[in-house]
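A.B. asks: structure for this input, please:
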Amino acid sequence: MGKLLLDASAVTEALKPNPPLLSWTDPVSPSGGFAAVTGLEDQQRRRLERIHERGVFWKNPDSGTDAGTAFRLFHGGNVEADGNCLFTAAMRSMEAAETARELRRRTVGRFLEDHGSDDGPGRDAVDAAIKNLYSPDLKAGWGIHVVQEVKLLAKKSDREVLDAAIQELVDLGLQREAAAESIYKERCISVNDGPSWANYMSISGSPEDGYDIITLQYTEEGLLTVDENRDGHAAAFGDDIAIESMATELKREVYVVQAHGSDAMVDEENCVFFLPHRPRGKIVEPPIFLFMKGTGWCGAGADHYEPLIANPLPLISKEKAAIVL
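C.D. replies: Down below sits the predicted model:
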């Protein structure tokens, strides 16, 4: 992917038609739906199996009634870790026919429409969050992060010009990684507000993309790596902003189900939790569920999503469900 290492020993782990209604028929799952899921600790698997058996109870907060629906959750299988997993997993969770790229396009379109219609504090807050995520202040945050990343956008049509400018600095005696950092920061687009985020989140790692993602990684001591993404295969990972925009476009809640491991210092009863993302408009469809797993607090918040299939579970009351959303 064209990654330049400044110090290899210091590398640190650092959306058209509405989807169909959910089926009433459970898929074949002889062992409860989570026995074959890889990378789970015993306490995670036991808790997920109990949730699968007893179901989750959901009531549409916009329905105006106390009636709700219980769902049985099944793991929907693995998806490729190619940067498009949020959109691929969401599409599979809905059992929809559209592509991950189309869902990504709809999500970004919804974000731009909402961001453009808000000229007050809401827009400012979103822009500030984007800047903190993708163009952080490298003088701060080291008590939380060991490695911080700066995301830049390079026009695909500019790559040859950028390479030539980098080479000029190298010819003048500058080290390659320092020259690359200097040119990319000077000539590429920082991801620091709504419009630049939309350009960034549109990138799926396809030749059709207009931009390539450049990633600069830093430690407190300075530059660590420059990922030049020369093949243009890097895609923008979905974030909470994208999930909220996707929820708004789909008119349904999106729950990220996180499974934390024992080294996160949580007990079995609390090792799985449901993080809701509500649409900005009215909810008119059932929720969708996405799955994250990890062995620790940081790992459980990793950026890989897997699908969960939600099948309506009749005759299950709110009191008998494993989780009430």
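
A.B. asks: number of residues surrounding Asn60?
C.D. replies: 18 (other CB atoms under 10 Å). From N, CA and C alone the C-beta is placed, and that goes for glycine too.

A.B. asks: any idea how far His277 is from the nearest residue to it once chain neighbours are set aside?
C.D. replies: Residue nearest to Asn60 in three dimensions, not counting chain neighbours: Ile283, with 5.4 Å by CB to CB, 6 or more residues apart in numbering. According to CB to CB, to the nearest Å, Ile283 stands 11 Å off from His277.

A.B. asks: higher neighbour count, the two?
C.D. replies: Set side by side, Ile283 and His277 show more neighbours around His277, with 21 against 17, by other CB under 10 Å.

A.B. asks: distance of that one from Val79?
C.D. replies: When CB to CB is the yardstick, His277 and Val79 sit 19 Å from each other.

A.B. asks: could you do Pro61 as well?
C.D. replies: Per CB to CB, Pro61 is found 29 Å from Val79.

A.B. asks: quickly find the element holding the most centrally placed residue in the chain.
C.D. replies: By CA atoms, centre = their mean, the mean C-alpha position of the chain lies nearest to Gly238, the distance being 3.0 Å. In this structure, Gly238 is located outside every helix and strand according to DSSP states H and E.

A.B. asks: same check on the one 4 residues further on?
C.D. replies: Secondary structure assigned from DSSP H and E places Ala242 in helix 240-250.

A.B. asks: any buried residues in the lengthiest helix in the chain, and which?
C.D. replies: Secondary structure assigned by DSSP state H gives helix 100-117 as the longest helix of the chain. For helix 100-117, the neighbour count (16 or more other CB atoms under 10 Å) marks 100-101, 103-108, 110-112, 114-115 as buried.

A.B. asks: any idea how far stretch 104-113 is from the middle of the chain?
C.D. replies: Counting by CA atoms, centre = their mean, to the nearest Å, stretch 104-113 is centred 15 Å from the centre of its parent chain.

A.B. asks: surely Asn60 touches Pro279?
C.D. replies: No. The pair Asn60 / Pro279 is not scored as a contact, 11.5 Å apart, by CB atoms under 8 Å.

A.B. asks: is it true that Asp209 touches Tyr200?
C.D. replies: No. Here Asp209 lies out of contact with Tyr200, judged by CB under 8 Å, at a distance of 10.4 Å.

A.B. asks: so between the two, which is more surrounded?
C.D. replies: Regarding Asp209 and Tyr200, a neighbour count based on other CB under 10 Å identifies Tyr200 as having more, with 23 against 20.

A.B. asks: leaving out the residues flanking it, which one is nearest to the more buried one?
C.D. replies: By the measure of CB to CB, 6+ apart, the closest residue to Tyr200 outside its immediate chain neighbours is Val191, 4.7 Å from it.

A.B. asks: now Asp118
C.D. replies: With sequence-adjacent residues excluded and distances taken as CB to CB, 6+ apart, Asp118 is closest to Val126, at 7.9 Å.

A.B. asks: check Ile243 too.
C.D. replies: Spatial nearest neighbour of Ile243, chain neighbours left out: His277 (4.5 Å); criterion: CB to CB, 6+ apart.

A.B. asks: show me what contacts the one you found?
C.D. replies: Contacts here follow CB atoms under 8 Å, 6 or more residues apart in numbering; on that basis His277 touches Asp240, Ile243, Glu244, Met246, Ala247, Glu253, Val254, Tyr255, Val256.

A.B. asks: right, and the second one touches Val254 too?
C.D. replies: Yes. Counting by CB under 8 Å, Ile243 sits close enough to Val254 to count as a contact (5.4 Å).

A.B. asks: measure the residue nearest to the centre of the chain to Gly68 for me?
C.D. replies: Taken as CB to CB, the spacing of Gly238 relative to Gly68 amounts to 28 Å.

A.B. asks: equivalent analysis for Gly116, please.
C.D. replies: Distance, Gly116 to Gly68, using CB to CB: 35 Å.

A.B. asks: and what of Pro195?
C.D. replies: 40 Å.

A.B. asks: how about Tyr211?
C.D. replies: 44 Å.

A.B. asks: and the next helix or strand past the helix-or-strand element of the chain with minimal mean pLDDT?
C.D. replies: When each helix and strand of the chain is scored by mean pLDDT, DSSP states H and E, helix 297-300 comes last, with a mean of 40. Proceeding C-terminally, helix 297-300 gives way to strand 306-312 as the next helix or strand, assigned by DSSP H and E.
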